[in-house]
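**Student:** Need the 3D shape of this:
(2 chains)
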2 protein chains.
Amino acid sequence: ADLPPKPVRLGLCAACHGETGMAQIPGAPNLAAQRLDYLRKALKDYRDGTRDVPLMRAAIGPLSDAELDQLARWYSAQTLQPQAAAHP
Amino acid sequence: ADLPPKPVRLGLCAACHGETGMAQIPGAPNLAAQRLDYLRKALKDYRDGTRDVPLMRAAIGPLSDAELDQLARWYSAQTLQPQAAAHP
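**Tutor:** Purely as a prediction, here's the structure:
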């Protein structure tokens, strides 16, 4: 699949979710290959507090709709890496 | 990887998330190969309302900790199917 351009804000996410959507820390979900519609809604819900996770709200609170959309597209387009998934 | 036994309650989840964790409807996330710790917490948060999604609360409200754990293990142990992931 063709990857979308790397989002400018990706560094904010990558510390916990990895650049390619493989979680880097306990408690963080993998995002690679997650459904685009789900990621878009999750990001909006985190930003507006509907989904109340202070860390996520702090991280993406300042981001625009367009920036959230870039992030959702980026992670949805990644490929889940089986070895990491098999040993969570 | 060796799969855990199929959870008795899997039918409840499969209508939206598929038996193997590939989402069947818009808005539902893929669960296949998701991190076990994340799935465990998500299920508990849905059940107690910390994560306020009425459909999920209705679905798993009556389930025991052991049943939630079986479901988390099942889905975490599945393999994400690339073709479905590429066309969310």
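**Student:** What helix or strand is the closest residue to residue A:52 other than its chain neighbours located in?
**Tutor:** What sits nearest to residue A:52 in space, not counting adjacent residues and going by C-beta to C-beta, 6 or more residues apart in numbering or on different chains, is residue B:50, at 7.9 Å. In short, each C-beta sits where N, CA and C put it, glycine included. Using DSSP states H and E, residue B:50 falls within no helix or strand.
**Student:** Give the burial count for residue B:50, as a bare number.
**Tutor:** In terms of burial, residue B:50 registers 13 neighbours under the definition other C-beta atoms under 10 Å in any protein chain shown.
**Student:** again with residue A:60
**Tutor:** A count of nearby residues for residue A:60, using other C-beta under 10 Å, gives 19.
**Student:** Isn't it up against residue A:47?
**Tutor:** Yes - counting by C-beta atoms under 8 Å, a contact exists between residue A:60 and residue A:47, whose distance comes to 5.2 Å.
**Student:** residues shared between the contacts of those two?
**Tutor:** Common neighbours of residue A:60 and residue A:47, using C-beta atoms under 8 Å, 6 or more residues apart in numbering or on different chains, are residue A:68.
**Student:** got the contact list for residue A:56?
**Tutor:** Applying C-beta under 8 Å, 6+ apart to residue A:56 gives the contacts residue A:46.
**Student:** try 10 Å this time
**Tutor:** When contacts are counted by C-beta atoms under 10 Å, 6 or more residues apart in numbering or on different chains, residue A:56 is found next to A:13, A:16, A:42, A:43, A:45, A:46, A:47, A:49.
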